[in-house]
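*Asks:* Predicted coordinates and the sequence they were generated for:
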Amino acid sequence: MFTSGFIQHSDIQTAYHDLGRGAPLVFVHGFTGSKLDFTSQLAWFVENHRVISYDHRGHGESSNASPYSLQQLAADLISFLDKLDIPTCHLLGYSLGGMVALRAQLANPERFRSLILMDTAPFGLDLFGDDNRAQLNSIVTQDGCQALLPSMQSQRPNAIAKRGIDFLGETEHWRRIRVKLEQMDPEAFVQLGAELVNQENLLARMADISVPTTIIVGAKDKPFLKPSRAMHKAVADSVLSIIPKAGHSPQYENADQWRDSVLRHLAQ
């Protein structure tokens, strides 16, 4: 049975399957995303785990509450687990969510049984450049994040992106993007966009991670391949899973191999 509820303590909206057993598996979505990023995937893991996906503050159906920072989002995650009486869980962080998951794990290692870092980085990445980022910030500040949608729809998808669109179907793909952009707080877009670039480099601290760790990255996700290999080298006994025929969203672009990677991780 699929259920959802509003968590008043940290103003985080959650969705979950609750038929599973064992430690929960918690999904942490990325920048401009929401729990919709994993809605189609939750049922794949429910046989053995309670599976939870939630919205960061400033995203999805959660509250808009500045300040927005990676440290704040990591604190929100711990508060969220406390509210649900979850002492330990398996944690999957995607893109910005991986940066949040990494901070939560380093600050509270006793709370996590294992860690999956997916298409993410332990240090700052400038994916847009100063001029483009300033232009995007101006657009969303004036007209909301949904003002980015026409430009996104006008771009011809490459073969990898088309695989992701085909997974959901074009109508559902664009519906989800529209909903996520409409729900996102422009202030969160600006502040967290800056965090992506200027965040503290945590690579050296990753040697402290002792739980089973898998790093997942799409083979065509060029900005995140080098960071993923660096994290794999930093964490002893970690597994690096490079998903072929996938870019930044392997859960859509090569869903079968992505699911197999997560299942192999959980089987540890």
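*Replies:* Looks like it came in fine.
*Asks:* CA atoms for contacts and neighbours, from now on please.
*Replies:* OK.
*Asks:* Any idea how far apart the tips of stretch 203-212 sit?
*Replies:* Taking C-alpha to C-alpha, to the nearest Å, stretch 203-212 runs 17 Å from one end to the other.
*Asks:* pLDDT averaged over it - what is it?
*Replies:* Mean pLDDT, stretch 203-212: 98.
*Asks:* Contacts for that stretch, please.
*Replies:* When contacts are defined by C-alpha atoms under 8 Å, 6 or more residues apart in numbering, stretch 203-212 is touched by residues 105-106, 109, 112-115, 122-123, 230-231, 234-238, 265, 268.
*Asks:* let's see 7 Å
*Replies:* 113, 114, 115, 122, 231, 234, 235, 236, 238 (C-alpha atoms under 7 Å, 6 or more residues apart in numbering).
*Asks:* and the fifth one, what element?
*Replies:* For residue 231, the element it lies in under DSSP states H and E is helix 222-234.
*Asks:* Report the angle between the next helix or strand after that helix and helix 222-234.
*Replies:* With elements assigned by DSSP H and E, the helix or strand that comes after helix 222-234 is strand 239-243. Using axes from the mean of the first three to the mean of the last three C-alpha atoms, to 10 degrees, the inter-axis angle of strand 239-243 relative to helix 222-234 is 160 degrees.
*Asks:* which secondary structure elements does the helix or strand following strand 239-243 contact?
*Replies:* Tracing the chain past strand 239-243, the next element assigned as helix or strand by DSSP H and E is helix 250-253. Where contact means 3 or more C-alpha pairs under 7 Å, 6 or more residues apart in numbering; DSSP states H and E, helix 250-253 is packed against helix 159-168.
*Asks:* what's in contact with the helix it packs on?
*Replies:* 173, 245, 246, 247, 252, 253.
*Asks:* if we can go back for a sec, will you turn the contacts of stretch 203-212 into TSV that also has pLDDT and neighbour count?
*Replies:* TSV is the format used below for the contacts of stretch 203-212 (pLDDT from 0 to 100; neighbours: other C-alpha atoms under 10 Å):
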residue	pLDDT	neighbour count
113	97	20
114	98	22
115	98	27
122	98	25
231	98	25
234	98	17
235	98	22
236	97	16
238	98	20
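*Asks:* out of the residues you listed, what pair is the most spread apart?
*Replies:* Farthest pair in the contacts of stretch 203-212 (C-alpha to C-alpha) is 113 and 122. Separation: 19.7 Å.
*Asks:* And for the helix holding residue 231, what's in contact with it?
*Replies:* 119, 120, 121, 122, 203, 206, 207, 215, 217, 238, 239, 240.
*Asks:* at 10 Å instead, please
*Replies:* 95, 117-127, 202-209, 213-219, 238-242, 247-248 (C-alpha atoms under 10 Å, 6 or more residues apart in numbering).
*Asks:* Show me what counts as buried in that helix.
*Replies:* 223, 224, 225, 227, 228, 229, 231, 232, 233, 234 (16 or more other C-alpha atoms under 10 Å).
*Asks:* again with stretch 112-132
*Replies:* Applying 16+ other C-alpha under 10 Å to stretch 112-132 flags 112-122, 124-125 as buried.
*Asks:* Would you reformat those as CSV and include secondary structure and distance to residue 141?
*Replies:* Listed next are the buried residues of stretch 112-132 as CSV, based on DSSP: H, G, I helix; E, B strand; the rest coil; distance: C-alpha to C-alpha, whole Å:
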residue, secondary structure, distance to residue 141
112, strand, 37
113, strand, 40
114, strand, 38
115, strand, 35
116, strand, 33
117, strand, 30
118, strand, 29
119, coil, 27
120, coil, 26
121, coil, 27
122, coil, 28
124, coil, 23
125, coil, 22
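*Asks:* Of those residues, which is the nearest to residue 158?
*Replies:* For the buried residues of stretch 112-132, the nearest to residue 158 is residue 119 (18.4 Å; C-alpha to C-alpha).
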